Each structure stands twice: as structure tokens, then as C-alpha cells.
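Student: No sequence on hand, only this structure:
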């Protein structure tokens, strides 16, 4: 078949892979050179500041010296990061580049392990096909692991290989997820990511394919794009209907997922909330979440924060009516007192005059007593000094 590898083509593919591995090594040297160059530029700038600062000190230019000190402080902060980046680039472990024959043996081993290799000459893609994958009773179909040889020398290994579903059984929640660890043809390798990168940089092509296959045939819930429990769609916590990702709403109050018909939002903060977690404010009758509900400081009745700020609690509307009733009662008492005074006024003027003096004396004594009682104990000494 056209996509199968023959003896001569195997040599050509092995040579192309070896060239890209050499480019990977060269790129690492370029990266280290760039980090060292950046650090060297910062040190040269620091030396320039040192000379200028010496001149300012010699001539007493305090304003210019202060500005240079600020520049040096900012530069030192940057040097802390650039020196660490340069150290990491220089201390990366050296990887030996295999020769063409070693790469050829890797290809032959991969062909034996996976029965046959596929090679797409125009795109320079080396590929293997896995058996049908089924994880915890969920059938996912078979996958093609594609290694883009021409992209090996480019920075970022994650873009050099892709995972194609040949018999797609994507998640109901997200059609781009064809495997719990594959989204948009990209693999989330989890803990195996470092081992996969090391295999690629060392030219261990067979190990690379075996590691990727191992990730595809095993399930890690912690690194899944979509868990197998939700593969066929999550169920609404309220009505139990199966939901797609676009029709799933998360309640921030109870931490459950709901469909569009069973979810709503708070009238105040706009947070998505299920119908059961919303409360109705007795003042404005809006439905709000628990975080936007509070209590009236006067009566302790539950109401939303806006109504509390605007003093719209029903208890405040009842107070004017109570004040009117109290005013009516006070008016009746005043009228009764006035009528009684008129009746007493019909007595003799002589008796009134005789009683006036004692009453006045008693009133004076009572007033003096009230004045003494109204003085705070802490001010008794001050009161004694007053005339």
C-alpha cells in the first residue's frame, strides 16, 4: 500500500527524523545563547549605571544620583529572573543524538509492535493505529497517533503529534472530546508528558508510540477533559434529564448541575442559581440568591440587600399608623385634663389663693430635687463649685 513503509523509504524516514533531532539540539543551544545574551545586556547596563553614579557622587549631583539609584533597583529585580532563566537553560540535561541506523531500528521495532506503520509522504507524518479502545464500559473506537516529523525541530513538542479518532464516539457534552484525554486532537498526557517528550528528543520513536498508546488505553479521572461518568451527558439534579455541555448550568449555591428549565439567576448579582436556592424578598418580591439576602435591623425579617439599603421593609410602613393611633390617644387625654381644670376653676378664689403659697413652695423644692437628681455623679464636685 502507498502509506506502508518499505526498506528504502524506512531509511529516508529515519534520516528525516535524525535531521529534526539535530534541529532540536541546535534550538536548545540557541535558547541558552539568548538567555545568556539577555543577562549580559543587563550586566552591561548595570556597569553603565555604576560609572554614571560615580560621576554624580564626585560632583555632588544628588538629584541625578537618586534617579540612577532607582534605575539600578529596577535592574536588580530583573536580574533576579534573567539569571534564573539563564541557569535553567544552561543546566538542561544533554541528550545524545542517535545516528540514522539507531533511528531505523526504532522504526523496525515500532513496525513489529504495531504490525505496520503508516507514512504520509506529502505531509511527512508517521502514524500508528491502536486497537479499539473501551474504558469502563464506554466504547471510544480506534485512534490514529500521528507524528509530524517536520515539526519535531520546532519549539513545543505538544504540537508535533495529534490523536485522530477513526471511529469517533465523542462525548455528548463536548463533540471535540473524542477521548477523556483528547480534545481537538491534542493529548493531555498528564504525568506521562515528560516521558513522551524525552522519548521524542532521544529519537526513541517506538517508545513514543507505546507511551501515547498507554495513555489512550488507561483512564485517569483527574486529568480528563470530560469524565466517563459524564461522557453520555450529565443529568440534571432536579428533573434528571440528560444535558449537553451547552445546556448545563452550575448552581453556585448548592454546587449541583441543572438544565436550562430548572435553573435561573439571581435578580441582584446575576449568578446562575437553581430554582430551589432562590428566595423571594417580601418587600420587592424579586427572587434572589442566599448571598444577596439579609435581615431587617428593626424587626429581623428576611429581605434583600437593596430593600434593606432603601429601608423598604414592611415593618417601617406600619410605624406611621401606630404613631397616628398614639397621637389620637394623647389628644383625648389632653381634652379630658382641660375639662377637669375648668370644673375646678368654679371653686372659691380665696381657697385657691390660700393653697397657692404652699403649692408653690412644694413645687420649688421638687424642682430643686429634680435638678440635683439630673446631675451626673461624676460632675458633683464641679456642680458644688458653681454659684
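Tutor: Now that the structure is in, tell me what you want to look at. Remember, predicted model here, so these are calculated numbers, not experimental data.
Student: For residue 265, give me phi and psi.
Tutor: Torsion angles at residue 265 (phi, psi; degrees, to the nearest 10) stand at phi -150, psi 160.
Student: whoops, residue 207 was the one
Tutor: According to degrees, to the nearest 10, residue 207 has phi -60, psi -40.
Student: Now do stretch 236-248: distance from first to last residue.
Tutor: One end of stretch 236-248 to the other measures 8 Å (Cα to Cα, to the nearest Å).
Student: Quick one: mean pLDDT for it?
Tutor: Mean pLDDT, stretch 236-248: 75.
Student: quick one: buried residues of that stretch?
Tutor: 236-238, 243, 245, 247-248 (16 or more other Cβ atoms under 10 Å). Heads up, the C-betas are built off the backbone N, CA and C, glycines and all.
Student: close enough to count as contact, residue 36 and residue 85?
Tutor: No. Here residue 36 lies out of contact with residue 85, judged by Cβ atoms under 8 Å, at a distance of 9.8 Å.
Student: From residue 184, how far out is the closest residue to residue 167 other than its chain neighbours?
Tutor: Using Cβ to Cβ, 6 or more residues apart in numbering and skipping residues adjacent in sequence, the residue nearest residue 167 is residue 141, 3.2 Å away. Shown here: residue 141 relative to residue 184, a distance of 17 Å by Cβ to Cβ, to the nearest Å.
Student: now swap in residue 111 and tell me
Tutor: 29 Å.
Student: Show me which of those two is the more surrounded one.
Tutor: residue 111 (16 against 11; other Cβ atoms under 10 Å).
Student: which parts of the helix or strand residue 74 falls within are buried?
Tutor: For residue 74, the host element (DSSP states H and E) is helix 62-90. Residues of helix 62-90 classed as buried: 65, 68, 72, 79, 82, 85-86, 89 (neighbour count, 16+ other Cβ under 10 Å).
Student: which of the residues you listed lies closest to residue 20?
Tutor: Nearest to residue 20, judged by Cβ to Cβ, of the buried residues of helix 62-90 is residue 89 at 20.6 Å.
Student: The spatially most central residue of the chain: which element?
Tutor: Nearest residue to the geometric centre of the chain (Cα atoms, centre = their mean): residue 252, 13.3 Å. Assigned by DSSP H and E, residue 252 falls within no helix or strand.
Student: Skipping its backbone neighbours, what lies nearest it in space?
Tutor: Nearest one to residue 252, counting by Cβ to Cβ, 6+ apart, is residue 271 at 5.0 Å.
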